[in-house]
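Asks: Would you be able to build a 3D model of this:
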Amino acid sequence: MSFSLSRLPTPLVNVLVAVIALATSVMVRAETGAEPAERWGVNMTEGVTEISRGVYELHMLIFWICVVIGVIVFGIMFYSMYKHRASRGYKPATFHENTKLEVVWTVIPALILIGMGLPASSMLIKMYDKAEDAEIDVMITGYQWKWKYEYMNEGVSFFSNLRTSRGEINNIEPKGEHYLLEVDNPLVIPANKKVRFLITANDVIHSWWVPAFAVKQDAIPGFINTAWTVVEEEGIYRGQCAELCGRDHGFMPIVVNVVDDAEYNSWIGERQAEAAELAQLIKQEQSFDELLASGEEVYSKQCMVCHGASGEGGVGVALAGGAVPTGPMDQNLSVLVNGVSGTAMQAFGAQLNEIELASVVTYIRNSWGNNMGDSVQPVDVYNFKQAN
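Replies: So this is what the prediction gives:
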């Protein structure tokens with residue numbers, strides 16, 4: 001008896017062709033090395049923490065339980081369909097119930113669920129430990145669309161922004177190896193030490209997710225959620241915001257650099273020295289040209305996406321000839337520091353330091369024909385923030 005694809009329904013033929021094409025593509029790529037192997041991964045990663053390995057093992061246990069159940073159920077079903085088909089003269093049974101059978105197929109699944117639930121509950125209890133014995137506490141705050149990291153007992157805090165260039169995003173430049181998964185300031189933690197993450201948000205709901213740590217926790221405004229990790233291997237680990245948080249949700253990566261104790265202590269020392277230096281710089285007077293130069297850099301990094309390269313506006317209002325940059329200085333500072341409720345204008349008072357705020361205010365008041373001729377000093381911004 002011959003077989004032809006033409007005897008099959010057209011939709012089924014299309015599905016078979018697509019499956020064969022995909023399988024062939026995967027095999028060719030795997031053989032030629034055209035793409036890294038991990039891009040074709042279909043399973044969870046084991047990760048680099050005790051929790052991540054436990055989650056992986058639990059996942060595989062339940063996966064194989066489901067495979068066995070599927071094989072048994074579908075095996076019996078297909079065998080019954082083939083063995084008792086009408087062409088062999090079998091007549092369907094007419095019974096309506098079987099108490100023993102119903103008890104069996106109720107009790108056995110219940111026992112299976114209990115067997116899966118016990119290790120799952122044990123793992124959840126470990127994951128949601130409050131980690132009060134943590135050696136390092138890091139406050140993580142989600143913003144649209146960046147992360148702020150604050151080392152609670154070290155006096156160190158900074159923002160972590162996407163480093164991928166707009167040229168790559170707009171397909172003008174070739175995409176790098178870590179496209180949309182690279183930042184300017186990664187989180188740095190030591191290996192083999194318990195680190196507690198206190199996770200919240202400033203504006204909308206975000207989610208801090210690093211698969212290699214098996215850490216995924218929602219960042220909710222007004223709430224602090226807790227997660228923790230002990231990373232056993234040094235290296236660079238990447239993650240992303242896992243909660244749809246607005247237009248640039250896909251541009252909110254996470255990078256964690258896990259280092260040894262000596263390198264971590266050295267890094268913390270450098271950050272503390274930078275903070276002390278910044279405190280001194282805030283007291284110093286900046287020249288008009290210095291403010292303009294640094295203000296242009298801050299504008300390009302923080303403001304241009306919404307307000308345009310020449311202040312023409314877009315998502316945000318136009319700044320060229322706009323009422324705010326050509327209005328009173330206090331009003332301009334208030335909008336930048338406190339934001340505008342009900343609009344896309346965020347509060348940058350906590351996101352930029354006093355020097356950056358003074359620079360960008362001076363820049364937008366003296367660019368694109370605004371020519372206000374005035375400037376504001378970092379110490380004035382500091383005093384404004386204290387008063388407001």
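Asks: What is the distance between the helix or strand encompassing Leu101 and the centre of its chain?
Replies: Using DSSP states H and E, Leu101 maps to helix 99-127. The chain centroid and the centroid of helix 99-127 are separated by 33 Å, computed with C-alpha atoms, centre = their mean, to the nearest Å.
Asks: just the strands in this structure please.
Replies: For the chain, the strands defined by DSSP state E occupy 136-143, 146-151, 156-160, 187-190, 195-201, 206-210, 215-219, 225-229, 235-241, 253-259.
Asks: closest one to Arg271 among those strands?
Replies: When the strands of the chain are compared by C-beta to C-beta, strand 156-160 sits nearest Arg271, at 4.3 Å. To be clear about C-beta, it is placed using only N, CA and C from the backbone, and glycine gets the same treatment.
Asks: can I get the CA coordinates of that closest one in CSV?
Replies: Extracted in CSV, the C-alpha atoms of strand 156-160 (Å, rounded to 0.1, in the frame of the first residue of the first chain):
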residue,chain,number,x,y,z
VAL,A,156,27.4,53.2,48.1
SER,A,157,24.6,53.7,45.6
PHE,A,158,24.4,54.1,41.8
PHE,A,159,22.2,53.6,38.8
SER,A,160,22.6,50.9,36.2
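Asks: That strand pairs with which strands?
Replies: Strand pairing for strand 156-160, determined by DSSP bridges: strand 146-151 (antiparallel).
Asks: Give me the mean pLDDT for the partner strand.
Replies: Mean per-residue pLDDT for strand 146-151: 95.
Asks: any residues touching it, and which ones?
Replies: Contacts to strand 146-151, defined as C-beta atoms under 8 Å, 6 or more residues apart in numbering, come from residues 136-142, 156-162, 185, 187, 202, 208, 252, 254, 268, 271, 350-351.
Asks: on that earlier part again, helices or strands next to the helix holding Leu101 in the packing?
Replies: Helix 99-127 makes packing contacts with helix 50-83 when contacts are defined by 3 or more C-beta pairs under 8 Å, 6 or more residues apart in numbering; DSSP states H and E.
Asks: could you give the angle of the helix it packs on to strand 225-229?
Replies: 90 degrees (axes from the mean of the first three to the mean of the last three C-alpha atoms, to 10 degrees).
Asks: So for helix 50-83, what gets flagged as buried?
Replies: Judged by neighbour count using 16 or more other C-beta atoms under 10 Å, the buried positions of helix 50-83 are Ile51, Ser52, Gly54, Val55, Tyr56, Leu58.
Asks: who's in contact with the first one?
Replies: To tie it back to what came earlier, the one meant is Ile51. Listed by C-beta under 8 Å, 6+ apart, the contact set of Ile51 reads Met123, Lys126, Met127, Phe213, Ala214, Val215, Thr229.
Asks: Could you check how far it is from Leu118?
Replies: 17 Å (C-beta to C-beta, to the nearest Å).
Asks: Equivalent analysis for the fourth one, please.
Replies: Distance check for Val55 against Leu118: by C-beta to C-beta, it reads 15 Å.
Asks: Same question for the second one.
Replies: Spatial separation of Ser52 from Leu118 under the definition C-beta to C-beta is 20 Å.
Asks: now do the third one
Replies: Distance from Gly54 to Leu118, counting by C-beta to C-beta: 13 Å.
Asks: And for the last one?
Replies: Applying C-beta to C-beta, the value for Leu58 to Leu118 is 11 Å.
Asks: now the fifth one
Replies: Taken as C-beta to C-beta, the spacing of Tyr56 relative to Leu118 amounts to 18 Å.
Asks: Show me what counts as buried in the helix holding Leu101.
Replies: Per 16+ other C-beta under 10 Å, helix 99-127 contains these buried residues: Ala120, Met123, Met127.
Asks: Output the residues you listed as a markdown table; include the columns pLDDT and distance to Gly339.
Replies: Below are those laid out as a markdown table (pLDDT from 0 to 100; distance: C-beta to C-beta, whole Å):
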| residue | pLDDT | distance to Gly339 |
| --- | --- | --- |
| Ala120 | 92 | 42 |
| Met123 | 91 | 41 |
| Met127 | 89 | 35 |
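Asks: in the sheet, who's paired with the nearest residue to His206 once chain neighbours are set aside?
Replies: In space, His206 comes closest to Gly142 once its chain neighbours are excluded; the distance is 3.2 Å by C-beta to C-beta, 6 or more residues apart in numbering. With DSSP bridges as the criterion, Gly142 is bridged to Trp147, Ala201.
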